[in-house]
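J.: I would like the atomic coordinates for the input below:
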Amino acid sequence: MSDLVDGIGTMAEGALVGAAIEGGRPDDTGHTHETECLNCGTHLVGSHCHACGQHAHVHRTIGALFHDILHGVLHFEGRTWATLPMLAWKPGQLTRRYVDGQRVAFVSPMALFLFSIFVMFAVLQIMGISPPVRTGETSTAEHIAASEERLVEKRKDLLADLAADDMDPAESAEKRQALATTEENLAGLRALPAFMREKDAGTEQMHSGWKRLDKGIGKWRDNPGLMLYKLQTTAYKFSWLLIPLSVPFVALLFLWRRRFGLYDHAVFVTYSLAFMTMLGIVATIIGALGVASETLLLGCTAIACVHIYRHLQGTYELSAGSTLWRTVVLLCLIQIVLGLFATALVFLGLVG
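T.: Sure thing, here's the model as predicted:
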């Protein structure tokens, strides 16, 4: 239940952040009862202050507050429903129109990307898809030692039972089987590498010269589940890093086409990342319904490739052949970007 509440809260947070980035629409109206702006004191002409942009009328009712929340969560002032269909079917046209200055009708790429990231992690929370977390200060070595002690005690009890004379053959066979299993488990524990059995051995073996990094590696060794959880939250916080990591690689594909600058590439990358994130959300939900993972992976890969092709062709007005080779190269470059992003997440998770 807590995962469901957390997930819904995350989606609401994402929508409100996106709405905050977007700001109010220019054609929003309010009932003008004031003659001067309550924010900056400028004389009002119309429904908005021409100096700072604030509404002429400021709501002060709880109903208006809930209306604002629903507005942010459900439809980003209505622009989401104009943006999403174009992002899915005509991504190049959406990017080209936004770059060329048609902004009022569409959600900005950054707001849409942030919202999609929030929704993705909300879905993961609701579905309980997260690494196991073991809290507390007990290290892996201490857990191994405690398990070994329990197995030794169990073996001792089984041997004592088998030494008794009043045990029937069936019970004796069961005890002997349990003793054999216990011996195997005990041998397995004792065969573990020394660095797992000795407390803080992993930290002592690592001498990078940076105490914070060495400490993070030690924590990772002691509690892998907690560190995987930290990686997930780090990915959530630093997902925006994918944009600056990706833009230079896209720019490489258009070095000799001076018409397109870094801004064009940034809008292209951000809208593309938003779509891929939403595709991942849909795939996660469908997978939870029982669809085979192999089928999902094949379908999502095909959709992603087609989308990148159409997005490139529409954004940069390319021919079919020019779009095709750029799509193939970009798919290869994406692997490099993901590798750099994963490396950054690990580093941030260790020192964070």
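J.: going forward, measure contacts between C-alpha atoms and count neighbours the same way
T.: Noted.
J.: mind checking how far residue 124 is from residue 288?
T.: 11 Å (CA to CA, to the nearest Å).
J.: equivalent analysis for residue 100, please.
T.: Residue 100 is 40 Å from residue 288, by CA to CA.
J.: correct me, but residue 276 touches residue 304?
T.: Yes - between residue 276 and residue 304 there is a contact under CA atoms under 8 Å: 7.0 Å.
J.: just want to know which of those two has more residues nearby.
T.: residue 276 (19 against 16; other CA atoms under 10 Å).
J.: quick one, phi psi at that one?
T.: Main-chain torsions, residue 276, degrees, to the nearest 10: phi -60, psi -40.
J.: higher neighbour count, residue 124 and residue 288?
T.: residue 124 (17 against 12).
J.: how close does the more buried one sit to residue 285?
T.: Using CA to CA, one obtains 9 Å as the distance from residue 124 to residue 285.
J.: also residue 231?
T.: To residue 285, residue 231 is 22 Å away according to CA to CA.
J.: the more surrounded of these two?
T.: Neighbour count, other CA under 10 Å: between residue 231 and residue 285, residue 231 has more, with 21 against 14.
J.: and the helices in the stretch 101-250 of the chain?
T.: Ranges of helices within the stretch 101-250 of the chain are 109-126, 140-162, 169-190, 194-197, 201-205, 211-222, 224-237, 242-252, based on DSSP state H, counting those that start in this stretch.
J.: looking at these, which one is packed in the most?
T.: The highest mean neighbour count among the helices of the stretch 101-250 of the chain, using mean count of other CA atoms under 10 Å, belongs to helix 109-126: a mean of 23.
J.: got the CA positions of that helix in PDB?
T.: What follows is helix 109-126, C-alpha atoms only, in PDB (Å, rounded to 0.1, in the frame of the first residue of the first chain):
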ATOM      1  CA  PRO A 109      10.700  19.100 -24.100                       C
ATOM      2  CA  MET A 110      12.300  19.500 -20.700                       C
ATOM      3  CA  ALA A 111       8.900  19.600 -18.900                       C
ATOM      4  CA  LEU A 112       7.700  16.500 -20.800                       C
ATOM      5  CA  PHE A 113      10.900  14.700 -20.100                       C
ATOM      6  CA  LEU A 114      10.800  15.400 -16.300                       C
ATOM      7  CA  PHE A 115       7.200  14.400 -16.200                       C
ATOM      8  CA  SER A 116       7.900  11.100 -18.000                       C
ATOM      9  CA  ILE A 117      10.800  10.300 -15.600                       C
ATOM     10  CA  PHE A 118       8.600  11.000 -12.500                       C
ATOM     11  CA  VAL A 119       5.800   8.800 -14.000                       C
ATOM     12  CA  MET A 120       8.300   6.000 -14.800                       C
ATOM     13  CA  PHE A 121       9.600   5.800 -11.200                       C
ATOM     14  CA  ALA A 122       6.100   6.100  -9.900                       C
ATOM     15  CA  VAL A 123       5.100   3.100 -11.900                       C
ATOM     16  CA  LEU A 124       8.100   1.200 -10.600                       C
ATOM     17  CA  GLN A 125       7.100   2.100  -7.000                       C
ATOM     18  CA  ILE A 126       3.500   1.100  -7.500                       C
END
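J.: no further queries at this time; thank you.
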